[in-house]
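got a sequence here, can you model it:
(one chain, ligands or ions: 2)
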Amino acid sequence: MMSKINPVVWWCALFLLVGSSGLCFAGPLHAQCKVDWYFGITCQLVSELLISQIKEWESMSGCSMGGQRCLYKLQSASVHFITAKHSTPFERHVDDINLRMVSCHIFTCCHVEAMSVSEAWQYIRDNGRNYCNLYNLIEGSGLTEARGFRELTSDYNCTQRSSANCTIY
Ligand SMILES: *[C@@H]1O[C@H](CO)[C@@H](O)[C@H](O)[C@H]1NC(C)=O
Ligand SMILES: *[C@@H]1O[C@H](CO)[C@@H](O)[C@H](O)[C@H]1NC(C)=O
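Ligands and ions are numbered 1, 2, ... in the order given. Below is the predicted model:
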């Protein structure tokens, strides 16, 4: 486990302690992803689609052809807040997913604050997996085709976002 941490990371941990973390990384210190999505449909519908997609991908079968569209586990669900976990099919890395839905423009739009964080603190790199944990849900449920869909994120907010290949991760 410890061998996964490269020496640069230790330097950065040291910088963090003295309060100059900004020098070290162009991304989050810990493998994670924070995305904002906007949809031109109600949060009721958005949350129903997300919940049913998570349930559909609870078993291993979604990954029989590769990819990571399996082993989601719904923890709690309401119109405003969904929590779930995702495990990778082989190494069983566990990531925690939080989705917060807030209506905008008098219910004609839904803003989702989505977050995925790796449980193991030592992972700095994730090949974009935390981003894909979130993206696969909206892609699989058809929400990327929803009216008014917009996604706001960056490599700063999502570990290795720009090199993520969600067919694999
Ligand atoms: C990244 O996260 C920060 C803090 O939450 C936020 O202010 C900023 O708008 C985000 N940037 C993008 C491009 O999502
Ligand atoms: C993502 O990975 C798949 C499967 O290996 C590959 O077919 C596809 O070309 C890759 N996409 C990108 C954008 O690299």
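
enumerate the residues of the protein near ligand 2.
Proximity of the chain to ligand 2 (CB under 6 Å from any ligand atom) is limited to residues 165, 167, 168. In short, each C-beta sits where N, CA and C put it, glycine included.

next, count neighbours for the second one.
It refers to residue 167. 11 (other CB atoms under 10 Å).

and residue 31, by the same measure?
Residue 31 is flanked by 26 other residues according to other CB under 10 Å.

surely it meets residue 130?
Yes - proximity of residue 31 to residue 130 meets the contact threshold set by CB atoms under 8 Å, at 5.9 Å.

give me the common contacts of those two.
Taking CB atoms under 8 Å, 6 or more residues apart in numbering as the criterion, residue 31 and residue 130 both touch 117, 118, 159.

wait, what's in contact with residue 138?
Residue 138 makes contact with 37, 50, 144, 149, according to CB under 8 Å, 6+ apart.

residue 132 touches residue 163, doesn't it?
No - using CB under 8 Å, residue 132 is not in contact with residue 163; the gap is 11.1 Å.

out of the two, which sits in the busier spot?
In this view residue 132 and residue 163 are compared by other CB under 10 Å, and residue 132 has more residues nearby, 28 against 10.
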